[in-house]
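> this is the structure alone, sequence omitted:
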Ligand SMILES: [Ca+2]
């Protein structure tokens, strides 16, 4: 089987394989966030207190502390507690200076969780979701982190990454089929314990609806 055949097969059987390796993808501005108003978001969270409920591409984020719930019945808890706001005039290193959209999401963050778990709750088993953490470089030093995503069923998918290792904004993307109602994300900053993850904002998007009779479902492109 050549590589194209493997890729095609992977797409067809994704509902059965259920999860993919987390990946880091650079992005520039709202247009590359992959956020779209025609998608279903169980969570669209903005951490930090400077900006209140910002909008990105027609999707409104909910400003929050370490835990909370939204009107759609989804909740979250265990996220970093301390908040930090960039002061007016503080440059965003790599984001276009629109002062709207993802600029606001990246204008404040929570931090201080060196280790331990956070959860996105209320998911529907059998539905495939994509969680995306949005972050930006904060300094020129190292900020090595490892996130381990645990959607249930003993599945653990880890990604080691350094948000400060480049001059570009990045997304940490994890696609998975929900096994339980909760996605657990284990934070680990032990490589740089003084430089914990800066949690700016995230979404959890429904990307693939699995048919109840195993008929393949509907891929939402
Ligand atoms: Ca934020």
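It's in. Because the structure is predicted, anything quoted here is derived from the model rather than measured.

> tell me which parts of this structure are close to the ion?
Taking C-beta under 5 Å from the ion, the part of the chain that reaches the ion is made up of 46, 47, 48, 105, 108, 200, 201. From N, CA and C alone the C-beta is placed, and that goes for glycine too.

> count the residues that sit near the first one.
Residue crowding around residue 46 was assessed by other C-beta atoms under 10 Å; the count is 29.

> how close does it get to residue 106?
Between residue 46 and residue 106 the distance, using C-beta to C-beta, to the nearest Å, works out to 9 Å.

> cool, the last one as well?
As for residue 201, its distance to residue 106 is 7 Å (criterion: C-beta to C-beta).

> what about these two, which has more around it?
Looking at residue 201 and residue 106 with other C-beta under 10 Å, you find the greater number of neighbours at residue 201, namely 29 against 24.

> in this structure, what spans have low per-residue confidence?
Segments of the chain classed as low confidence (criterion: pLDDT under 70) are 1-17, 87-98, 208-221.

> now do the helices in it.
When secondary structure is read from DSSP state H, the chain shows helices at 3-12, 14-17, 102-105.

> thinking again about what came up before, shared neighbours of residue 46 and residue 106, anything?
Between them, residue 46 and residue 106 share the neighbouring residues 200, 201, with contact defined by C-beta atoms under 8 Å, 6 or more residues apart in numbering.

> ok, the residue lying closest to residue 122 once chain neighbours are set aside - contacts?
Computed as C-beta to C-beta, 6 or more residues apart in numbering, the closest residue to residue 122 that is not its neighbour in sequence is residue 74, at 3.9 Å. Each residue near residue 74 by C-beta under 8 Å, 6+ apart is listed here: 42, 43, 120, 121, 122, 123, 204.
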